[in-house]
Each structure stands twice: as C-alpha cells, then as structure tokens.
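Novice: Quick one: sequence plus predicted model below, questions after.
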Amino acid sequence: MAGLNRRVVLAERPTGMVDERTTVLEEADVPEPGEGEALARVRYLSIDPTIRTWMDDAPGYLPPIAIGEVVRSGGVAEVVRSNSERHKPGDLLFGFTGWQDYVIASEAAGYRDLPSGVSPTMALSLFGVTGMTAYFGLIDVGRVKEGDVVVVSGAAGATGSTVGQIAKIKGAAKVIGIAGGPGKCAWIVKELGFDEAIDYKSEDVAARLRETAPEGIDLYFDNVGGAILDACLAQLAMHGRIVLCGAIASYNDRSALTGPANYRNLIIKRGRMQGFLILDYFDRLPEGQAEVARWLAQGKIKSVEHVVEGLENAPDALNLLFTGGNTGKVIVQV
Ligand SMILES: NC(=O)c1ccc[n+]([C@@H]2O[C@H](COP(=O)([O-])OP(=O)(O)OC[C@H]3O[C@@H](n4cnc5c(N)ncnc54)[C@H](OP(=O)(O)O)[C@@H]3O)[C@@H](O)[C@H]2O)c1
C-alpha cells in the first residue's frame, strides 16, 4: 500500500517528563499484512501512566520499550485491508497498537473485537483497561462492601473517578476522593457524587483524613503511592484493606520510591495491602463490561474522557497525566 506510516519512537530514555529528545516522530513504509493478517488504521490511543514506566530500563511486568521502538500503548484500530477471514474492512479492534498510524492486526497478535455497541473511546475508558481496573480492583481485590468508608487517590483521573462511582453504587457509606486542586475536588463531589474531596496540593491530607474518616478507612484504593499512601495507612480502620493499583508519584522520579513509614498499622489493625494487575483479569473482562453497561444504561455511572487530537501530540498527552492536566481518561484521536 502506498503512503507512509507515522510512528512515535523512543529515541532516549527520559529521566522526567517525555520531550522532543526522548520521543521522536518518524515516517516508515506502511506495513504489508501477511496471510491471516489485516492492515488496520489506528484511530484512538489509550494514554496510560504505565507507558512512562515501560520507557525506563528497569524490571517491570512487561519488557522495557527498546530504544528505536514504537512507543507501546493500547489503542483502537480500524481494519482497512484484510487477508483474514476473521476481520473485514471497517471492523474496529482493540490491541497493543503503539503510537503509530498503521498496524498489522491478527488474533495471534492479541487483537480483539470491541464490546458490542460500545464507542471506540468508551472501549478505552469505562469498558477498557481503565474502567475494568477500577471494577476488578475495587470489587475483587478490595472486596468493597456496603457501609465501607472508601478513599481513592487520583480521584479525578480515569481510574479514580470510576472507582469512586462504583464504590457509591456498591453501597459505600462514604467515598472520599483525593485530587489536585479545588476545581477537581468540586467536580468529583458535584458531578460524580463523591461525599468528600481532599485537595492534596493545598490541604494537610493526614489531618483531613482524620476529619473526614474519623472511624478509619475501610478501603483505600491507591493510584499514587508515596506520602498519600502513608497518610492512608495511618488512618486505616480495623481490618482495613489497601488496593495497590498504581504509584504515579514515582513514575517520573524513581528517587521518590520510599517505603511507607506507617506500614506497622497493618499489623495493629490486622489490615491487608495487595497489589494487582488488570492483565490477570483479561479472561473476566466481559463480566465487568456487562455490569458497567447496566449501570451506564441506568444512569448510575459516567464515563469521562479527555481527548487530545493528533498522533504527534501523544507525548504531550502522556505528560498531562503527570501535571494533572487531565480530568478523566486521556485518549489521543490519531
Ligand atoms: N494495576 C493496574 O493494572 C493498573 C491499570 C491501569 C492503571 N493503573 C494505575 O492507576 C493509576 C491511575 O491511572 P489512570 O490511567 O487512571 O491515570 P489518571 O488518574 O487519569 O491520571 C493520573 C492522575 O494522577 C494524578 N497525579 C499525578 N502525579 C501525582 C502525584 N505526584 N501525586 C498525586 N497525584 C498525582 C494527577 O491528578 P491530580 O491533578 O489529582 O494530581 C493525574 O490526573 C496510575 O498509577 C496507573 O499506573 C494500574
């Protein structure tokens, strides 16, 4: 096929935010699909904090992105030409597309159909890895139950905003969100139904947790790590649970990886702290997707998306996650 494939590749390993030295836009030939494969045009990219961790030359749950390699990310692509009976032109597929215009898609490469009736952006937000991380993290790992006092950090972000809404649906007595800035704090209360919001940029988080959760935190969903995790550990209720979902405070700065000083409270309060990865739940995605579809139809949950235009802006879109420039799920419309 004539034409060019624009690709954003990792040119250097970043030490902080990504910039024009670390990620570079280049052009290559459009790839040719082999037997049983399809050529697909990438339409939307899922912008996730973990992409930044894959750029480090450090052990992780997936291998680091190699220098010169297209930046890895999830995405939705539309089949434009097919040598496969499984895929026909116009089909929308989800997979690890990476930051580029065209991909070779096949079942063997892990591409799957979007959930039926779901828009491409919602397939990346509420019905995608993000929404399902909130769903399985809260329900399966955190075992949320009626009457719980639930705290979530990154509360105006993609995962956190969904966690807070699901906690309310599941009958939490109180949902407290921790977010950066008065605008985000007002938004999670007014628009998403959180009971309380703590602005970690201008308030004393530990003091506000004592005030808003005087009987202790039954369930803390941690998207951030660092000092906020420590403050939540200090305010844990008896048999409290902590779900370790992410540690964004240290992704751009590995020196910020310090141990939680208040971990002894897990002993005193007979608490449980558990990490998880959504990758382990991929077989169960239809179960979570069916449930959020019901909640969406009943008007009980909102999907909030922050769309950035243009493949060339994918690095800036990634940086939004670290400056807090996003509300809800960051998606690049290629
Ligand atoms: N375990 C898994 O399988 C899994 C899957 C998906 C995501 N995650 C994790 O879930 C977390 C949220 O991901 P997401 O995709 O939903 O991103 P997101 O919450 O939409 O965006 C990240 C948010 O983090 C906040 N933030 C950034 N730096 C911070 C800091 N130093 N301290 C406190 N808050 C900070 C920013 O909001 P403010 O304006 O409030 O600062 C920003 O909007 C990440 O840690 C991610 O790695 C884990």
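Specialist: Arrived safely.

Novice: what residue ranges in the protein score low on pLDDT?
Specialist: Where the chain drops to pLDDT under 70, the residues are 1-2.

Novice: Which helix or strand contains the closest residue to the ligand within the stretch 201-334 of the chain?
Specialist: Per CB to the nearest ligand atom, residue 246 is where the stretch 201-334 of the chain lies closest to the ligand, at 1.8 Å. (Glycine included, C-beta is placed from N, CA and C.) Using DSSP states H and E, residue 246 falls within no helix or strand.

Novice: For it, which non-adjacent residue is spatially closest?
Specialist: residue 223 (4.6 Å; CB to CB, 6 or more residues apart in numbering).

Novice: Name all residues that make contact with that neighbour.
Specialist: Going by CB atoms under 8 Å, 6 or more residues apart in numbering, residue 223 touches 152, 153, 154, 157, 159, 160, 245, 246, 248.

Novice: check contacts around the fourth one.
Specialist: The reference is to residue 157. Neighbouring residues of residue 157 by CB under 8 Å, 6+ apart: 179, 223, 321, 326, 327, 328.

Novice: Pick the one among the residues you listed closest to residue 49.
Specialist: residue 321 (5.0 Å; CB to CB).

Novice: wait, the closest one sits on residue 49?
Specialist: Yes. At 5.0 Å, residue 321 counts as touching residue 49 under the criterion of CB atoms under 8 Å.

Novice: Overlap in contacts, these two.
Specialist: Taking CB under 8 Å, 6+ apart as the contact rule, residue 321 and residue 49 both touch residue 248.

Novice: So between the two, which is more surrounded?
Specialist: A count of neighbours by other CB atoms under 10 Å puts residue 321 above the other of residue 321 and residue 49, at 23 against 20.

Novice: just checking, next helix/strand downstream of the helix or strand harbouring that one?
Specialist: Secondary-structure assignment from DSSP H and E places residue 321 in helix 314-323. Downstream of helix 314-323, the first helix or strand assigned by DSSP H and E is strand 329-333.

Novice: For the stretch 51-200 of the chain, what lies in contact range of the ligand?
Specialist: 129-130, 133, 154, 156-160, 179-181, 184, 200 (CB under 6 Å from any ligand atom).
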